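Student: Structure for the following, please:
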Amino acid sequence: MISDRRLQPRRSSREAALFLCVSIAMKIFLAGCSSAPAPLSIKMYNPETNQTLACNASDPLGRSDPSVLADAVEGCARQLESRGFVREK
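Tutor: From the prediction side, this is the model:
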């Protein structure tokens, strides 16, 4: 199959910059709308095996964005949920 790059739409650097600005603005807006900061520690429990694990993230030097750390903790919790764990309250 032969593709012709001339037929594909081109995005200018101005459009890419605008998209980046809009996506950053949306993240800031959505972060401002949340009622509480996302947790940096979630305890997980597997009722079938009675195993308890914790998803944690921290930056002792304070150089990381807390939302990035919270996303990592949330990703960890989702992976454990897919393996039968539930979040402790």
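Student: shouldn't Tyr45 be in contact with Val86?
Tutor: Yes - in terms of CB atoms under 8 Å, Tyr45 counts as a neighbour of Val86; the distance is 5.8 Å. For glycine as for every other residue, the C-beta is placed from the backbone atoms N, C-alpha and C.
Student: okay, these two: which has more neighbours?
Tutor: Ranked by neighbour count (other CB atoms under 10 Å), Tyr45 and Val86 place Tyr45 first, with 16 against 12.
Student: so what's that one up against?
Tutor: Residues in contact with Tyr45, defined by CB atoms under 8 Å, 6 or more residues apart in numbering, are 51-52, 85-88.
Student: how about 7 Å then?
Tutor: Going by CB atoms under 7 Å, 6 or more residues apart in numbering, Tyr45 touches 52, 85-86, 88.
Student: which stretches of the chain form strands?
Tutor: Assigned strands in the chain, in chain order: 41-46, 51-56, 86-87 (criterion: DSSP state E).
Student: Out of these, which gets nearest to Arg63?
Tutor: Arg63 sits nearest to strand 51-56 of all those, at 17.1 Å, using CB to CB.
Student: Check which helices and strands the closest one sits against.
Tutor: In terms of contacts (3 or more CB pairs under 7 Å, 6 or more residues apart in numbering; DSSP states H and E), strand 51-56 is packed against strand 41-46, helix 66-81.
Student: Low-confidence bits of the protein, can you list those?
Tutor: When the per-residue scores of the chain are filtered using pLDDT under 70, the ranges that remain are 1-37.
Student: if we can go back for a sec, most neighbours, which of the contacts of Tyr45?
Tutor: Across those, the neighbour count under other CB under 10 Å reaches its highest value at Phe85, namely 23 neighbours.
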